[in-house]
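Undergrad: here you go, sequence then predicted model.
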Amino acid sequence: MAVILPKQLGTPEGELLFRASDKISDLKEAVKIVNTLKETLDYYSGVGLAAPQIGISKKVFIVHLQPTKEDPDLPDIRWKAYINPEILEISSKSNVYAEGCLSVFYATVYGAVARPDGLKIKYWDMNGKEHIDEIDHPFHARVILHENDHLNGKVFLQRMNPEDFSQLHWEEDLDIRKK
Ligand SMILES: [Zn+2]
């Protein structure tokens with residue numbers, strides 16, 4: 001498997017970004033997709049990546065998080081796969097933060113999105129075992145919700161308050177094609 005430049009919204013290749021993905025029944029297929037997602041995410045140094053972003057309309061995403069100086073409470077997740085995820089609960093409290101996406105203008109554009117602070121998620125691991133996790137770190141929850149949106153055919157721009165579109169923030173230096 002190889003590193004894949006994430007498909008972009010608004011291109012024929014990115015058509016799947018607006019479509020709900022299918023459940024996975026074949027674990028071998030899931031493992032193959034996860035490995036490609038992992039290689040691609042490592043290469044582009046993102047915090048999460050979902051199968052539709054590499055042109056596969058299947059319910060699986062991965063997350064990569066590590067504590068930082070600014071946020072030492074972030075969990076240390078080199079990478080973790082969520083297969084057939086289902087959000088069971090979201091917290092009533094929410095927060096607003098700037099989000100970007102490897103599939104939105106090659107990650108050059110960032111915009112404010114309100115997301116719940118925490119959630120409960122059900123998913124399969126790489127062995128097909130079902131888990132239910134409670135996530136109470138707001139950024140961790142944000143990454144999961146962003147990736148889970150991809151499986152439902154949604155990108156972060158659709159979660160923004162249209163009044164905030166004028167605040168969209170562009171950084172050409174972040175263009176992942178320059179990697
Ligand atoms: Zn994204």
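TA: Noted; the coordinates are in hand. Worth saying up front: this structure is predicted, and the values here are computed from it rather than measured.
Undergrad: in stretch 35-50, what's buried?
TA: 36-41, 44, 46-50 (16 or more other C-beta atoms under 10 Å). Every residue, glycine included, has its C-beta placed from N, CA and C.
Undergrad: and the longest helix along the chain, how far from the chain's centre?
TA: With secondary structure taken from DSSP state H, the chain has its longest helix at helix 27-44. Helix 27-44 has its C-alpha centroid displaced from the chain centroid by 13 Å (C-alpha atoms, centre = their mean, to the nearest Å).
Undergrad: OK, contacts around Leu138?
TA: Wrong residue type there; residue 138 is Pro, not Leu. Taking C-beta atoms under 8 Å, 6 or more residues apart in numbering as the criterion, Pro138 is in contact with 95, 97, 115, 117-118.
Undergrad: what's the most centrally placed residue in the chain in contact with, if anything?
TA: Geometric centre of the chain, nearest residue: Glu147, 2.6 Å, by C-alpha atoms, centre = their mean. Contact criterion C-beta under 8 Å, 6+ apart gives 48-50, 61-63, 82 as the residues in contact with Glu147.
Undergrad: quick one, longest strand in this structure?
TA: strand 77-90 (DSSP state E).
Undergrad: neighbours of the residue nearest to Phe165 when sequence neighbours are not counted, how many?
TA: Excluding its sequence neighbours, the residue lying closest to Phe165 (C-beta to C-beta, 6 or more residues apart in numbering) is Gly111, at 7.3 Å. Other residues near Gly111 number 19, with proximity taken as other C-beta atoms under 10 Å.
Undergrad: ditto for Glu29
TA: There are 14 residues near Glu29, going by other C-beta under 10 Å.
Undergrad: ok, it touching Lys58?
TA: Yes. Counting by C-beta atoms under 8 Å, Glu29 touches Lys58, with 7.3 Å between them.
Undergrad: show me the shaky parts of the protein.
TA: The chain contains residues with pLDDT under 70 at 1.
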